[in-house]
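Asker: Mind looking at a prediction? Sequence and model below.
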Amino acid sequence: MQNARFFQERGDCTQHGDGIGVAQITSPMENNMDPLRFLTLKEVADMLRKSSRSVQHMIERKELPAFKVSGQWRFRESELAKWLEGLNER
């Protein structure tokens with residue numbers, strides 16, 4: 001019952017007519033309005049209509065935001081969108 005009170009105090013609990021509370025637990029990632037979606041090197045190359053090697057050169061020159069996961073390049077979709085918007089502003 002103590003947990004139900006905690007969720008009610010935080011506003012994370014939906015109270016049903018029968019008195020049963022259902023906790024709505026979300027992770028910190030879910031609270032962020034920016035969903036985490038990652039793209040592969042090939043997906044970004046196709047999107048930019050460039051070769052994979054050209055995209056790798058852009059990464060090496062730090063022109064494109066990317067990071068490695070188990071030795072493979074990944075791109076956060078939201079960061080890529082910001083990068084593309086920045087190109088329009090130039």
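Answerer: Sure, I can see it.
Asker: Output the contacting helices and strands for the longest helix belonging to the chain.
Answerer: For the chain, the helix with the greatest residue count under DSSP state H is helix 77-89. Applying 3 or more CB pairs under 8 Å, 6 or more residues apart in numbering; DSSP states H and E, one finds that helix 77-89 contacts strand 38-40. All C-beta atoms are positioned from the backbone trio N, CA, C, and that covers glycine.
Asker: And the average pLDDT for the strand it packs on is what?
Answerer: The pLDDT scores in strand 38-40 average 95.
Asker: ok, residues contacting that strand?
Answerer: 47, 69, 72-77, 80 (CB atoms under 8 Å, 6 or more residues apart in numbering).
Asker: Now render the residues you listed as JSON lines, adding neighbour count.
Answerer: Formatted as JSON lines, those follow (neighbours: other CB atoms under 10 Å):
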{"residue": "Met47", "neighbour count": "14"}
{"residue": "Val69", "neighbour count": "9"}
{"residue": "Gln72", "neighbour count": "9"}
{"residue": "Trp73", "neighbour count": "19"}
{"residue": "Arg74", "neighbour count": "15"}
{"residue": "Phe75", "neighbour count": "22"}
{"residue": "Arg76", "neighbour count": "17"}
{"residue": "Glu77", "neighbour count": "16"}
{"residue": "Leu80", "neighbour count": "20"}
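Asker: Widest-spaced pair of these?
Answerer: Met47 and Val69 (18.6 Å; CB to CB).
Asker: Just the pLDDT for Pro35.
Answerer: Predicted confidence (pLDDT) for Pro35: 70.
Asker: That one in helix, strand or coil?
Answerer: coil (DSSP: H, G, I helix; E, B strand; the rest coil).
Asker: For it, the count of nearby residues, please.
Answerer: 9 (other CB atoms under 10 Å).
Asker: Arg37 now?
Answerer: The burial count for Arg37: 10, using other CB under 10 Å.
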